[in-house]
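[1] Quick check, what structure comes out for this input:
(one chain, ligands or ions: 1)
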Amino acid sequence: MPQWTYICDAADLPPGAVLRVRIADGWYAACNRGGTFHVVDNRCPHADGSLARGRVEGNCLICPVHGWPWDLRTGLTDPSLPHMRLRFFRCEARDGRLYADVTQPILPEDVTLPGFAP
Ligand code: FES
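    Down below sits the predicted model:
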């Protein structure tokens, strides 16, 4: 059963923005990719960088540690590295407020690109 947690007002996360949010016992990165909200594990799959300290460019969340671009549609940084992938969680906007459910990961929005293996 989902457990929705308020994370911020939608106005506080404009396109291109990233916020670090604490939900239950974990840290997450909430970001806005051109009007689409995402919540992902804050730990970069490469070497645990804090993705919430990164930035959104186009469809990607750029890690601040080594600058790798993580595609927010697929969770991948490189289709040849399918074992390294962002973990996504449900995020919904309701009445101008954003909520996340981190009880279990969800599939990324696009699972058709090369390299994706659920
Ligand atoms: S720690 Fe994120 S790209 Fe290396």
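[2] quick one: average pLDDT of the host helix or strand of residue 89?
    Secondary structure assignment for residue 89, by DSSP states H and E: strand 88-94. Strand 88-94 comes out with an average pLDDT of 96.
[3] what are the pairing partners of the very next helix or strand once past that strand, and which direction each?
    For strand 88-94, the following helix or strand on the C-terminal side (DSSP H and E) is strand 97-106. Sheet neighbours of strand 97-106, with direction, are listed as strand 4-9 (antiparallel), strand 88-94 (antiparallel) (DSSP bridges).
[4] State the three-state secondary structure for the residue nearest the centre of the chain.
    With distances taken as C-alpha atoms, centre = their mean, the chain has residue 40 as the residue nearest its mean C-alpha position (3.0 Å). Classification of residue 40 into helix, strand or coil gives strand, according to DSSP: H, G, I helix; E, B strand; the rest coil.
[5] So what does the nearest residue to residue 105 once chain neighbours are set aside have for phi and psi?
    Sequence neighbours aside, residue 87 is the residue nearest to residue 105 in space, at 4.7 Å (criterion: C-beta to C-beta, 6 or more residues apart in numbering). C-beta: built from backbone N, CA, C; applies to glycine. With angles defined as degrees, to the nearest 10, residue 87 sits at phi -100, psi 120.
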